[in-house]
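> let's see this in three dimensions:
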Amino acid sequence: MELPYSLSELQSICDDKHIIFTRHSRRRCAERGITIDDIEKTIMTGEIIETYADDKPFPSCLIIGNDDKQIYIHVVLSSDKQFIYIITAYRPNDEKWTDNYTVRKRGNE
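Alright, predicted model coming up:
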């Protein structure tokens, strides 16, 4: 099953008025030094590398992109086509990812 939204649809609503952070994502981003600008840049210039069509209340996806320092960021988000809900964001590492952080290593699914 595919997502009910595309990356271009996410990009069309990607601004601070349409991005909502969960309590968890706000805390994790603060701990990891990831800003809303980093999140917006990742969405605007990144690519969807995994989809989770069965997630509730809305299907979600994992986007990879770069911050202003060209450091990779993964953003997990969902959308109802009006808002983007940030679930979490983190900097991927070599222990769990391969192929420029786009493919999970076996055992890290």
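
> check Ser58 and give its pLDDT.
Actually, residue 58 is Phe. It isn't Ser. We have a pLDDT of 95 for Phe58.

> and for Arg106?
81.

> and Arg27, by the same measure?
97.

> can you confirm it is in a strand?
No. Secondary structure of Arg27 (DSSP: H, G, I helix; E, B strand; the rest coil): helix, not part of a strand.

> helix, strand, or coil at Cys14?
Going by three-state DSSP: Cys14 is coil.

> you'd agree it is up against Lys41?
No. Contact criterion CB atoms under 8 Å: Cys14 and Lys41 do not qualify, at 9.4 Å. For every residue, glycine as well, the C-beta is placed using N, CA and C.

> CA atoms of stretch 30-41 as PDB?
What follows is stretch 30-41, C-alpha atoms only, in PDB (Å, rounded to 0.1, in the frame of the first residue of the first chain):
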ATOM      1  CA  ALA A  30      16.100  19.500  21.300                       C
ATOM      2  CA  GLU A  31      18.300  16.700  22.700                       C
ATOM      3  CA  ARG A  32      19.900  16.100  19.300                       C
ATOM      4  CA  GLY A  33      20.300  19.700  18.200                       C
ATOM      5  CA  ILE A  34      18.000  19.400  15.300                       C
ATOM      6  CA  THR A  35      16.100  22.700  14.500                       C
ATOM      7  CA  ILE A  36      12.900  23.400  12.700                       C
ATOM      8  CA  ASP A  37      15.000  24.800   9.900                       C
ATOM      9  CA  ASP A  38      16.800  21.400   9.700                       C
ATOM     10  CA  ILE A  39      13.500  19.700   9.500                       C
ATOM     11  CA  GLU A  40      12.100  22.000   6.800                       C
ATOM     12  CA  LYS A  41      15.300  21.700   4.700                       C
END
